[in-house]
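In: return atomic coordinates for the entry below.
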Amino acid sequence: MKAQKAATPPSKPAYLQYPIIPAFPLTLVDGHSITKSDLKRNEKTMVFIFSVDCDHCKHLTEEVLKNIDKFKKTQILMVTPFKVEQMKEYYDHYKIQNYPNIVMASEPTRQIMYFYDLHYFPGLYIYDKKQQFVKGFEGTAKLDSLLFYLNK
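Out: Numbers count the residues shown, from 1 in each chain. As a prediction, this is how the structure comes out:
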C-alpha cells in the first residue's frame, strides 16, 4: 500500500502572513513613485484597492467622499492595478486632489493583487497607527463597517 501524502493546509495570503502595509512602489497621478515610507506615520490607514471600471468601487468612492469628515483621522491609500493614464480619469472625475487625506496610486505590476489575494473589487484593508493589519474586506463593504474598525 502506497503512503499518502499528508494534506498541507492552504497557505495564508501574504497580507495575513505579513500584517503590515506592503512596500510596493506605487506611481502617483503625476508620475512620481512612492512607497509606504512616504505615507504619513501615526495615522490609521485604509488601503482601498479599486478598478477604474468597477461600479462597486465608484459607489464606495462616492460614499467615502460624501462622508470624508468621518475619515479625518485616516489616510486613505487608493491603489489600482490599472495604468496611470486610466487612473488619472478616475482621479479627475472624483476630484481626488481636493482631499488631502487621500493618496491615489497605480500599481500596474499587480503585485498588490497577489499580496491581498484579491478576487473581487474593491479590496479594503484597515491598518492601525503602527501600520499593523486590523481588518480586510473583499467586494462590497459597508461604510459603517469600515468606520467601526477605523474607530476602534
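In: buried residues in stretch 24-43?
Out: By 16 or more other C-beta atoms under 10 Å, the buried positions in stretch 24-43 come out as 26-29, 36, 39. C-betas here are computed from N, CA, C, even on glycine.
In: and stretch 67-83, by the same measure?
Out: 68, 71, 74-82.
In: so can I have a markdown table of the buried residues of stretch 24-43 showing secondary structure and distance to Met113?
Out: A markdown table is the format used below for the buried residues of stretch 24-43 (DSSP: H, G, I helix; E, B strand; the rest coil; distance: C-beta to C-beta, whole Å):
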| residue | secondary structure | distance to Met113 |
| --- | --- | --- |
| Leu26 | strand | 13 |
| Thr27 | strand | 15 |
| Leu28 | strand | 19 |
| Val29 | coil | 20 |
| Lys36 | helix | 17 |
| Leu39 | coil | 20 |
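In: so which of the residues you listed is the closest to Glu89?
Out: Proximity of those to Glu89 (C-beta to C-beta) peaks at Val29, which lies at 10.1 Å.
In: state the distance from the closest one to Gln111.
Out: From Val29 across to Gln111, the span is 19 Å (C-beta to C-beta, to the nearest Å).
In: ok, now Tyr125?
Out: Distance from Tyr125 to Gln111, by C-beta to C-beta: 14 Å.
In: ok, these two, which is more surrounded?
Out: Tyr125 (25 against 14; other C-beta atoms under 10 Å).
In: list the buried residues for stretch 112-128?
Out: Result for stretch 112-128 [16+ other C-beta under 10 Å]: buried residues 112-113, 115-116, 118, 121-127.
In: hmm, which two among the residues you listed are most spread apart?
Out: Phe121 and Tyr127 (19.2 Å).
In: kindly list the longest helix within this structure.
Out: In the chain, assigned by DSSP state H, the helix with the most residues is helix 55-66.
In: contacts for the very next helix or strand once past that helix next, please.
Out: Remark: after helix 55-66, the chain's next helix or strand is strand 74-80, criterion DSSP states H and E. The contact list for strand 74-80, computed with C-beta atoms under 8 Å, 6 or more residues apart in numbering, reads 21, 26, 39-40, 43-52, 61, 64, 86-87, 90, 96, 99, 101-107, 112, 150.
In: quick one on the thing from earlier: just send the buried residues of stretch 67-83 back as a markdown table, with pLDDT and distance to Gly139 too.
Out: Output for those, formatted as a markdown table (pLDDT from 0 to 100; distance: C-beta to C-beta, whole Å):
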| residue | pLDDT | distance to Gly139 |
| --- | --- | --- |
| Ile68 | 97 | 23 |
| Phe71 | 95 | 20 |
| Thr74 | 96 | 21 |
| Gln75 | 96 | 23 |
| Ile76 | 97 | 18 |
| Leu77 | 97 | 19 |
| Met78 | 97 | 17 |
| Val79 | 97 | 16 |
| Thr80 | 97 | 16 |
| Pro81 | 95 | 16 |
| Phe82 | 95 | 18 |
